[in-house]
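Trainee: Predicted coordinates and the sequence they were generated for:
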Amino acid sequence: MRQKASGSEESAAAKPLPAVVLVVHGPNLNLLGEREPEVYGRTKLADIDRKLKELGREIGIKVETFQSNSEGAIVDRIQAARGNVHFLLINPGAYTHTSVAIRDTIVGVAVPAIEVHLSNVYKREVFRRRSTIADIVVGRIMGFGAEGYYLALRAARAAIDASHSEAN
Ligand code: DQA
């Protein structure tokens with residue numbers, strides 16, 4: 001999503017149009033840094049959210065963050081995003097493997113989404129290989145720890161830019 005160059009200005013000088021991205025963290029991710037650090041790393045959720053907002057400012061994205069341990073609260077927050085956000089980044093935590101409700105909500109609000117996991121779920125227990133949202137998201141990033149969220153934000157920026165240039 002780039003602003004049109006005016007007059008003799010070339011598009012290389014154009015700034016990305018501001019976009020809004022909602023980042024949703026599911027259950028137990030509030031314990032990041034303390035919970036199984038050998039699996040999830042030592043970075044705290046507040047640090048991830050702060051870095052996402054900083055990166056967002058650099059690349060022209062307003063980042064909103066939300067964490068809940070409750071499936072219904074996650075459904076409510078994604079519903080509230082309908083028409084208000086350009087992209088959703090979601091780590092549904094354990095709800096990844098069970099929640100039809102979160103899947104239905106993402107489809108229902110029609111907001112493009114990226115699924116993020118800190119760990120590579122395929123290297124772990126077999127039950128973690130199933131995701132109720134894998135086939136309805138734009139893409140999935142896993143196994144890179146906190147870095148995966150920043151990669152996902154950059155991927156969202158690129159997808160927003162691509163959809164905008166297709167529209168023109
Ligand atoms: C997780 C993987 C899930 O299987 C687990 O239940 C989580 C975190 C991850 O980020 O690696 O809570 O989503």
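Mentor: Great, that's in hand. Values in this document were obtained by computation on a predicted structure and should not be read as measured data.
Trainee: who's in contact with the helix-or-strand element of the chain with minimal mean pLDDT?
Mentor: Every helix and strand of the chain was ranked by mean pLDDT, DSSP states H and E. The lowest is helix 37-40, at a mean of 88. Helix 37-40 is contacted from outside by 32, 118-119, 124, 145, using CB atoms under 8 Å, 6 or more residues apart in numbering. Every C-beta, even on glycine, is put in place using the N, C-alpha and C of the backbone.
Trainee: Next: stretch 85-95.
Mentor: Under CB under 8 Å, 6+ apart, the answer for stretch 85-95 is 19-29, 64, 71, 74, 78, 81, 99, 102, 106, 111-118, 133, 137, 149, 152-153, 156, 159-160.
Trainee: Buried subset of those as a ChimeraX selection?
Mentor: Only the buried entries of the contacts of stretch 85-95 go into this ChimeraX selection, using 16 or more other CB atoms under 10 Å:
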select :19,21,22,23,24,25,26,27,29,64,71,74,78,81,99,102,106,111,112,113,114,115,116,117,118,133,137,149,152,153,156,159,160
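Trainee: So which of the contacts of stretch 85-95 reach the ligand?
Mentor: Among these, the ones lying near the ligand by CB under 6 Å from any ligand atom are 28, 117-118.
Trainee: so how far is the first residue of stretch 126-135 from its last?
Mentor: The first and final residues of stretch 126-135 sit 18 Å from each other (CA to CA, to the nearest Å).
Trainee: who's in contact with it?
Mentor: Residues contacting stretch 126-135 (CB under 8 Å, 6+ apart): 90, 92, 96-100, 102-103, 106, 113, 115, 121-122, 140.
Trainee: For this protein, which residues are neighbours of the ligand?
Mentor: Near the ligand, when you scan the chain using CB under 6 Å from any ligand atom, you find 28, 91, 93-94, 96, 117-119, 121, 128.
Trainee: Kindly give a single PyMOL line that selects the buried subset of those residues.
Mentor: Buried residues among these (16+ other CB under 10 Å), as a PyMOL selection:
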select buried, resi 91+93+96+117+118+119+121+128
